Each structure stands twice: as C-alpha cells, then as structure tokens.
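Trainee: Build me a model from this:
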Amino acid sequence: EARAWMRASVAGARMSELYEQLVEVIETLCVLAVIGLGAWEISRNRMTIGQLLAFAAFLGYLYPPIRNLGQLGLTLTAATAGAERLLEILDAEPAVSDPPPGAAVAPWRVHGTVEFDRVGFRYPGGDRRTLAGVSFTARPGEFVLITGASGAGKSTVSKLLTRFYDPGEGVVRLDGVPLYAMPLGFLRTNVTLLPQETLILHDTIRENIACGRPGAAEHEIVRAARDAAAHDFIAALPAGYDTRIDPHTARLSGGQLQRIAIARAMLRDAPVLVLDEPTTGLDAPAARRVVRPLRRLMSGRTTIMITHDLNLAPDADRILVLDHGRVVETGTHRELLALDGTYARLHGCGDGSLTETGPQPTLRLGPLREPDRARAEPGRAQSRSIPGGAVGAPGSLIQATVPPPGAGSSPT
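Mentor: Residues are numbered from 1 along each chain as shown. Coordinates of the predicted model:
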C-alpha cells in the first residue's frame, strides 16, 4: 500500500509539472502569435500599437484562470482519493464493540480485582504470539509491576485490559466479570490508562485536566493539580490554568506535561490504574519529580505498572517478569533478586535489555605504589597514573573495562 501511494504521488507530481510546462509553452506561443498578427495588422494600418498592447494586456488576464483550472483538477483528484480512504476507515468494523443489547452486565460499583486467565494474543497480521498463557491476579489496592525486555509483550497487557483488543485465548476479567460482557464506556470509566506517550489536547491546561472527569468543579481541578505537583508551575504561567498547550508546546517540559496527565488521572479517580512506561523520555531529575505524584496516584487503587525503570520496583507488592510473551518469574523485589534470574539481570542492566550481563567495573591501569598495593583488595578496581613516557603522552591514563573476578582474562 505504501509503495502504491508512492507511485501515485510520483505520477501526480509528474502530471502537475507536465501541465504547468504545457501551459507555459501554449502561453508563449499565443503571445508570439498575437505579436506577429498585431505587427501584420499595424503594417496594413488596420491597428494601432496602443490597440495591440491593450489586447495583449487583456490576454494576460486570461492565462492565470486557465492555470488554476488545471490545478483545480489535480486538487479534486487528490481530494477524491483522500475521501475514499476516509470512507474506508469510517466503514471499517472495530476490533472490539459493546456486547449485544440485553447481553451486557448491569453497571456495579467496581472494586478493582483484575484477572488474566491463561491469556494468549497475536496482533492482526502478526506471525508470532505476543502473549502466551499469561495468568495473574491484581487485587484491590495492590501494586503489580510488569517488566521484561523490549518486545516481551508488556504494553500488550495494557491494551488488553483497556480492551483495545480482545485476547485470542483465555479471558481478562474485572471483578470476576469478563471484559467482553461489559460496555466499553463502563470499562474505560473504571480503568484509567496513562499511556507511554503523554496525551495532551490542543486546549487550555484547565480543559486538559478536566477531561478526566467532565463537569468537575474548579476546586477539584486545582486540588488534582496540587496532588500531582503541577499547581505551582501552572500558577507561574502568565495565563495560569487558561494557558493553551499542545503535545509539542515549548512552554512546558516533558515532566510538566506528564504531571498534567497525572492530574487528569487523579481527577478521574478510577479504581484501576494502568501505567505504561510513565517515566519514558524523562531525564533523571524530571523522573524523580514525577515519582512522588505517581505514588499519590497509586495509593488506594489497583495499580498495574508496565516499565523498564525499576526504581519503583521495591514498592511493588508483586513483580511479573515477561520474556517472549510468557511470565517467567513472579515475586517481590527481594525474592527475585535472590533468585538471580532474568529479573536480576534486568535490574543489573538498568535498561531492560537481556543481551547485557550488567555493568562491569572500570579500571585505570598503572603501577601501584607499595602503600596502594598494601591497601588493594581482591576484585576491587585500582587507579593509578602511568608515568610520563610509559604509554602515550606524559601523565596520560589508559582506561580498560575488565570482567568481574573469575570471569576470565581482562581485555586490553
């Protein structure tokens, strides 16, 4: 489809250029013909030079509309193609829909028990299963952290829980009720998702927060902003809560936009909270400023956090480690570190990559003096300057990375 679009775009550009050049050639030929015919008429004393110039001037007004007619045809063609594509999207059947009339369960006060029961899933058109046999239960007020290497299927869990897709195998339940048996509006009212990309509307800060619960009072919006540690920087803006923002605004940093999204989630006050990489794209200081309001947001509600950042892992009641779509480890932070398996390697890497084996010590090579040699301990890196002329420029340092003791010889 992309190649067909590219071929059509190239053909359209060629036709547009050909039309413009053709009009230019015809215009030039017409001007030359008029001048030649006018000169003939002048030589026969049937026309004056003023008449010829006036005719040529009026003729010049005729060419721009002719050019515009050609462009109008190309524009109509492009608009027709776009409208056809739009109609295809509007006519497409959604992947999920509300249950048939009479089959939906009646609304109830949701407590927040989330259950995945042997869930398997494959994206449409995918050649492999993203999730396979995933089972876990998150109880009201529990904080469950899901981690794993990139591509392990973590974000798919959030998409299934908010019912952007239905699982191909197994069932996802909320308070014991399958998600497919409840209206989408009811489900998404009781499950708040903070996606990986911060969702910011092209509107004021007030409206960006208030859309979490339409009809919220002003004091509720301000209280949510205070709880999200966003009120101070909002109040410092010239227009305050009436400041207009958008996803690419330069007025606010990424961490500030994230805190506005957290304020929206606090205002929504749903019993189930799903956080998909809440600190992605933030530097360390901004991430630290976001963590405190995140803790307030998670308090008292069922929280499922999907993340590579394991700074909040010690606070989790339970940690699930996904690898190739399967739960390979589960337990608390200390239990999984003691297990010395996949989670321990992820924690050592700090970036969620299974291809690394953790940070290695850095050693600056150089001769040790006797006092240094006496203080040296096995396995601990020592650092000394190499005397001038030994290697490289005088006073230079050579830095090498070596494996832990017992892991083999050191690379030079």
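Trainee: okay, CA-based contacts and neighbour counts for the rest of this
Mentor: Noted.
Trainee: low-scoring stretches of the stretch 151-300 of the chain, by residue?
Mentor: 281-283, 286 (pLDDT under 70).
Trainee: one more time with 80
Mentor: 250, 279-292, 296 (pLDDT under 80).
Trainee: in it, which spans are strands?
Mentor: Using DSSP state E, counting those that start in this stretch, the strands of the stretch 151-300 of the chain run over 169-174, 177-178, 191-194, 203-204, 244-245, 272-276.
Trainee: Just the mean pLDDT for stretch 91-105, thanks.
Mentor: For stretch 91-105, mean pLDDT is 84.
Trainee: quick one: which of the strands of the stretch 151-300 of the chain is nearest Asp317?
Mentor: Set against Asp317 and scored by C-alpha to C-alpha, the strands of the stretch 151-300 of the chain come closest in strand 272-276, at 14.8 Å.
Trainee: name the helices or strands packed onto that closest one?
Mentor: helix 154-161, strand 191-194, strand 302-306 (3 or more C-alpha pairs under 8 Å, 6 or more residues apart in numbering; DSSP states H and E).
Trainee: Of those, which is nearest Ala103?
Mentor: helix 154-161 (20.1 Å).
Trainee: by contact count, what packs against the closest one?
Mentor: When contacts are defined as 3+ C-alpha pairs under 8 Å, 6+ apart, helix 154-161 sits against strand 143-148, strand 272-276, strand 302-306.
Trainee: Relative to Tyr61, which of those is closest?
Mentor: Smallest distance to Tyr61 across those (C-alpha to C-alpha): 60.7 Å, for strand 272-276.
Trainee: Paired strands for that closest one, with orientation please.
Mentor: Sheet partners assigned to strand 272-276 using DSSP bridges are listed as strand 191-194 (parallel), strand 302-306 (parallel).
Trainee: Just name the most buried of those.
Mentor: Sort these by mean neighbour count, taking mean count of other C-alpha atoms under 10 Å, and strand 302-306 sits at the top with a mean of 26.
Trainee: Helices of the protein, start to end?
Mentor: 2-43, 49-60, 63-91, 154-161, 184-190, 205-210, 218-227, 231-235, 254-268, 284-298, 333-339, 342-349, 370-375 (DSSP state H).
Trainee: deepest of the ones you listed, which one?
Mentor: Mean neighbour count (mean count of other C-alpha under 10 Å) peaks for helix 254-268 among these, with a mean of 24.
Trainee: Touching that helix from outside, list them.
Mentor: The set of residues external to helix 254-268 that reach it, using C-alpha atoms under 8 Å, 6 or more residues apart in numbering, is 192-194, 198-200, 205, 208-213, 220-221, 224-225, 227-230, 278, 281-282, 286-287, 289-290, 293-294, 297.
Trainee: The helices of the chain: which one's closest to Gly102?
Mentor: Gly102 sits nearest to helix 184-190 of all the helices of the chain, at 14.7 Å, using C-alpha to C-alpha.
Trainee: Please state the offset of the closest one from the chain centre?
Mentor: In this view, helix 184-190 has its centroid 22 Å away from the chain centroid, taken as C-alpha atoms, centre = their mean, to the nearest Å.
Trainee: Just the C-alphas of it, formatted as PDB.
Mentor: The C-alpha coordinates for helix 184-190 follow below in PDB (Å, rounded to 0.1, in the frame of the first residue of the first chain):
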ATOM      1  CA  LEU A 184     -16.700  -0.200  26.700                       C
ATOM      2  CA  GLY A 185     -17.800   3.100  28.200                       C
ATOM      3  CA  PHE A 186     -18.300   1.500  31.600                       C
ATOM      4  CA  LEU A 187     -14.900  -0.400  31.400                       C
ATOM      5  CA  ARG A 188     -12.900   2.700  30.500                       C
ATOM      6  CA  THR A 189     -14.600   4.800  33.100                       C
ATOM      7  CA  ASN A 190     -13.300   2.400  35.800                       C
END
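Trainee: and of the strands paired with strand 272-276, who's closest to Ala338?
Mentor: Minimum separation from Ala338 across the strands paired with strand 272-276 (C-alpha to C-alpha) falls at strand 302-306, 21.8 Å.
Trainee: Need the residues that contact the closest one.
Mentor: In contact with strand 302-306 (C-alpha under 8 Å, 6+ apart) are residues 112-113, 138-147, 154-155, 158, 271-277.
Trainee: Would you check how far apart the closest residue in space to Ala344 that isn't next to it in sequence and Tyr343 are?
Mentor: Excluding the flanking residues, the one nearest Ala344 by C-alpha to C-alpha, 6 or more residues apart in numbering is Leu337, at 5.0 Å. Distance of Leu337 to Tyr343, computed by C-alpha to C-alpha, to the nearest Å: 7 Å.
Trainee: now swap in Ser135 and tell me
Mentor: As for Ser135, its distance to Tyr343 is 18 Å (criterion: C-alpha to C-alpha).
Trainee: backbone phi and psi for Ala228, please?
Mentor: Ala228 adopts backbone torsions of phi -90, psi 10, taken as degrees, to the nearest 10.
Trainee: So it sits against Pro293, correct?
Mentor: Yes. With contact defined as C-alpha atoms under 8 Å, Ala228 reaches Pro293; the gap is 4.7 Å.
Trainee: Quick check: which ranges of the stretch 301-412 of the chain have low pLDDT?
Mentor: The stretch 301-412 of the chain contains residues with pLDDT under 80 at 309, 311-312, 348-412.
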